[in-house]
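Enquirer: sequence plus predicted model, see below.
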Amino acid sequence: MTIELNPVGVTCNLSCPYCYEHPIRDAGNAMGRTYDMEAMKRGLEAEGGDFTVFGGEPLLMRFEDLEEIFRWGFEKYGKNCIQTNGALITEAHIALFKKYAVHVGMSLDGPGELNNSRWAGSMEKTLESTRKSQTALERCLAEGVGASLIITLHRGNGLPDARQQVKAWLHDLDAKGLQTARLHLLEVDHPSMIGLDLTPQEALDAMLDFGAWEKEHNLKFDVFQDCVNLLRGTDVNVTCVFTECDPFTTDAVHGVDGDGMQSNCGRATKDGVNWRKAEQRGYERQLALYRTPQAFGGCQGCRFFVMCKGQCPGTAIDGDWRNRSAQCATWMGIFGFVEGEMIANGEQPLSLSPLLPEIEAVMLATWGKGLRTNIASTLVAIEARKRGEVTEPGVLAGGPHGDKAHGDSHGNVVHGDAPHGDSPHGDKGRRLEGRVPVIKTGMEAP
């Protein structure tokens, strides 16, 4: 579970066209820079764990207040984290990060013009903002500040020629000590994104190209090992986009707003209202997707369903959380490719295992009780039943909240947004080789 502190709401110094927080801004519900420090601390204490300072852009906080929240976090948990676009980072901030053990998750899509989608108001300002962000990232690495990177793939950086530039940039960052990065597929839910997204085949080509690049470098992308772990049933620490999610009370993300109140993951907010968390969770989405034909937005018959679970509801077709991800074809291609590699290496992926129907049945039964699960816990329950032991089917070891499901070496994994420090997923040794599959027409599994 990740705890996100949102002191400035969705207020930001940039205006990225693909930002998933646009629906809140468009509805006029963006919070300003007013926040209550004591109320935020009470809210964080109620959540009971270390947290990530989030936004919008959290560096819009007064410097003195940012230092106070980091000091408080360091005294209670021994560490801190912030997710930022990096353009506002100064030498004073870097000193603050070092003093209070702050891990910096930075969002950048590439060098120079490849980052132009992170718009600052004009071309000149955007390029200058990108330069500042890149300099800040390199300064963090040089000063020993833990840092990681998020790259959103789109037409500006995901086509072949641009990818070569991105890989050269990552090669340089790898040499400077960057260890982890996360690849996002562009989430299309705003008119300004039209024409910016890659086709499913282009997105698959880009993802697998970066996966092949990864094998020659220390820098790792978590997505590929996540897919391996899911297909092996060792999915205790996979990123939250591969876990079940109730968009009305997101398990993976517990937000604390500037007034100290609870909120949900912003990726699931499509109606512009930052709803408070529901008191009772439910997994109707997974139960429905399993039984709904693919032609009607469901996942029926997909052998990767228990690994993918329909993906993040924030990426659902037509912005309707009841549908599977609009990125389904690309994820099917990635899972199919990894599946093929495992077979070539002598492994049997669970997607082709005789156990799959039983795994599906146990997971569906667990979700039907309003409880979280994963494949690893389900396999433990199946083995226990074979021994004649009475056990709750497939419930996460962390309890119904599944708080351990998203843990990493630093305590949490942000909802596909901010990996912390060294890769938590055992990425070393991962190899992507062979030809890139072609996505089939329709939504059938490749």
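Expert: Sure, I can see it. Quantities reported herein were computed from a predicted structural model and do not represent experimental measurements. Numbering: from 1, shown residues only.
Enquirer: neighbours of residue 160, how many?
Expert: Neighbourhood size, residue 160 [other Cβ atoms under 10 Å]: 10. The way it works is simple: take the backbone N, C-alpha and C, and place the C-beta from them, glycine included.
Enquirer: residue 217 now?
Expert: 16.
Enquirer: pretty sure it sits against residue 167.
Expert: No: with contacts defined as Cβ atoms under 8 Å, residue 217 does not count as touching residue 167, sitting 9.2 Å away.
Enquirer: mind listing the helices for the protein?
Expert: 22-26, 37-47, 63-77, 91-99, 123-142, 160-175, 200-214, 222-232, 284-291, 305-308, 328-344, 356-368, 375-386 (DSSP state H).
Enquirer: so for residue 258, which of the ones you listed sits nearest?
Expert: Closest approach to residue 258 among those is made by helix 37-47 (6.5 Å; Cβ to Cβ).
Enquirer: straight-line length of stretch 40-57, end to end?
Expert: 17 Å (Cα to Cα, to the nearest Å).
Enquirer: for stretch 75-86, same thing?
Expert: Stretch 75-86 stretches 25 Å from its first residue to its last (Cα to Cα).
Enquirer: residues near the residue nearest to residue 34 when sequence neighbours are not counted, how many?
Expert: Distances taken as Cβ to Cβ, 6 or more residues apart in numbering put residue 258 closest to residue 34, at 6.6 Å, once the chain neighbours are dropped. The tally of other residues near residue 258 (other Cβ under 10 Å) stands at 22.
Enquirer: for residue 264, find the nearest of the helices of the chain.
Expert: Among the helices of the chain, the nearest to residue 264 by Cβ to Cβ is helix 22-26 (11.6 Å).
Enquirer: domain parsing for the protein?
Expert: Listed by automatic domain parsing, the domain ranges of the chain are 2-198, 280-401.
Enquirer: got these as CSV, with distance to residue 254 and mean pLDDT columns?
Expert: Putting the domains of the chain into CSV (distance: least, Cβ to Cβ, whole Å; pLDDT from 0 to 100) gives the following:
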stretch, distance to residue 254, mean pLDDT
domain 2-198, 5, 94
domain 280-401, 9, 92
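Enquirer: any chance of the ones you listed in TSV, plus distance to residue 241?
Expert: Converted to TSV, these look like this (distance: least, Cβ to Cβ, whole Å):
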stretch	distance to residue 241
domain 2-198	9
domain 280-401	4
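Enquirer: residue 227: which of the ones you listed is closest?
Expert: domain 280-401 (4.5 Å).
Enquirer: any idea how far that closest one is from the middle of the chain?
Expert: 18 Å (Cα atoms, centre = their mean, to the nearest Å).
Enquirer: can you check stretch 34-54 too?
Expert: That offset, for stretch 34-54, works out to 21 Å (Cα atoms, centre = their mean).
Enquirer: re earlier: quick one, which of the domains of the chain is nearest to residue 213?
Expert: domain 2-198 (5.2 Å).
Enquirer: about what we covered before: nearest to residue 275, of the helices of the chain?
Expert: So among the helices of the chain, helix 22-26 is nearest, using Cβ to Cβ, at 10.7 Å.
Enquirer: what's in contact with that closest one?
Expert: 9-10, 30, 189-190, 192, 266, 269-274 (Cβ atoms under 8 Å, 6 or more residues apart in numbering).
Enquirer: circling back to that earlier point, and of the domains of the chain, who's closest to residue 238?
Expert: domain 280-401 (7.8 Å).
Enquirer: ok, the most far-flung residue of the chain relative to its centre - contacts?
Expert: Centroid-distance maximum for the chain: residue 388 at 38.2 Å, with Cα atoms, centre = their mean. Residue 388 is in contact with no residue at all, counting by Cβ under 8 Å, 6+ apart.
Enquirer: returning to what we had before: for the helices of the chain, give me TSV that also has distance to residue 299.
Expert: Output for those, formatted as TSV (distance: least, Cβ to Cβ, whole Å):
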stretch	distance to residue 299
helix 22-26	25
helix 37-47	32
helix 63-77	38
helix 91-99	42
helix 123-142	38
helix 160-175	30
helix 200-214	16
helix 222-232	15
helix 284-291	4
helix 305-308	5
helix 328-344	8
helix 356-368	11
helix 375-386	16
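Enquirer: minimum distance to residue 247: which of these has it?
Expert: With distances scored as Cβ to Cβ, the stretch of the helices of the chain nearest to residue 247 is helix 284-291 (7.6 Å).
Enquirer: alpha carbons only: can I get that closest one in CSV?
Expert: Coordinates of the C-alpha atoms in helix 284-291 are reproduced here as CSV (Å, rounded to 0.1, in the frame of the first residue of the first chain):
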residue,chain,number,x,y,z
GLU,A,284,-17.3,-6.5,-8.7
ARG,A,285,-15.0,-5.3,-11.5
GLN,A,286,-13.0,-8.5,-11.6
LEU,A,287,-16.0,-10.7,-11.1
ALA,A,288,-17.8,-9.0,-14.0
LEU,A,289,-14.8,-8.9,-16.3
TYR,A,290,-14.2,-12.6,-15.9
ARG,A,291,-17.7,-13.4,-17.1
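Enquirer: partners of the nearest residue to residue 223 once chain neighbours are set aside in the sheet?
Expert: Counting by Cβ to Cβ, 6+ apart, residue 183 is the residue found nearest to residue 223 once chain neighbours are left out, at 5.6 Å. Beta bridges link residue 183 to residue 151, judged by DSSP bridges.
Enquirer: so what's residue 183 up against?
Expert: For residue 183, the contacting residues are 151, 153, 207, 210, 221, 223, by Cβ under 8 Å, 6+ apart.
Enquirer: how about a cut-off of 10 Å?
Expert: 149-153, 158, 203, 206-207, 210-211, 221-224, 416 (Cβ atoms under 10 Å, 6 or more residues apart in numbering).
Enquirer: before we move on, what about residue 267?
Expert: 20-21, 187, 189, 240-241, 245, 247, 250, 252-253, 312-315, 415-417.
Enquirer: and residue 327, what are its phi and psi?
Expert: Backbone torsions of residue 327, given as degrees, to the nearest 10, read phi -90, psi 10.
Enquirer: neighbours around it, how many?
Expert: Residue 327: 24 neighbours (other Cβ under 10 Å).
Enquirer: that one touches residue 202, doesn't it?
Expert: No: using Cβ atoms under 10 Å, residue 327 is not in contact with residue 202; the gap is 11.9 Å.
Enquirer: quick check, residue 307 in contact with residue 230.
Expert: Yes: here residue 307 reaches residue 230: they are 3.9 Å apart, a contact under Cβ under 10 Å.
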